[in-house]
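Chemist: no FASTA, just this:
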């Protein structure tokens, strides 16, 4: 098992600068995707962003290599 860490920020086009505001309390979903076929090898959820937009989502490595993609809502 490993943990995917990241930070989620809003980037409003009308507000200069980046990042503009952290995503607070967003539900995180991590997908491990095969880069050559785009097949989803694993989906992991349960983490939420903190007040600064930071998150850590535990994942179990799939049988084959892939790339991680993160979404938050």
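Modeler: Structure received. Bear in mind that the values here come from a model prediction, so they are computed numbers and not experimental data.
Chemist: What is the neighbour count of the residue nearest to residue 52 when sequence neighbours are not counted?
Modeler: Nearest residue to residue 52, sequence neighbours excluded (CB to CB, 6 or more residues apart in numbering): residue 22, at 5.2 Å. From N, CA and C alone the C-beta is placed, and that goes for glycine too. Using other CB atoms under 10 Å, residue 22 is surrounded by 17 other residues.
Chemist: Residue 9 too?
Modeler: Neighbours around residue 9, by other CB under 10 Å: 13.
Chemist: Check what pLDDT the spatially closest residue to it that is not a sequence neighbour gets.
Modeler: Nearest residue to residue 9, sequence neighbours excluded (CB to CB, 6+ apart): residue 19, at 3.1 Å. What the model reports for residue 19 is a pLDDT of 74.
Chemist: before we move on, what about residue 10?
Modeler: On the pLDDT scale, residue 10 gets 86.
Chemist: What's the separation between the closest residue to it other than its chain neighbours and residue 51?
Modeler: In space, residue 10 comes closest to residue 21 once its chain neighbours are excluded; the distance is 4.6 Å by CB to CB, 6+ apart. When distance is defined by CB to CB, to the nearest Å, residue 21 is 11 Å away from residue 51.
Chemist: what about these two, which has more around it?
Modeler: residue 21 (11 against 8).
Chemist: ok, that one - contacts?
Modeler: Residues near residue 21 by CB atoms under 8 Å, 6 or more residues apart in numbering: 9-10, 12.
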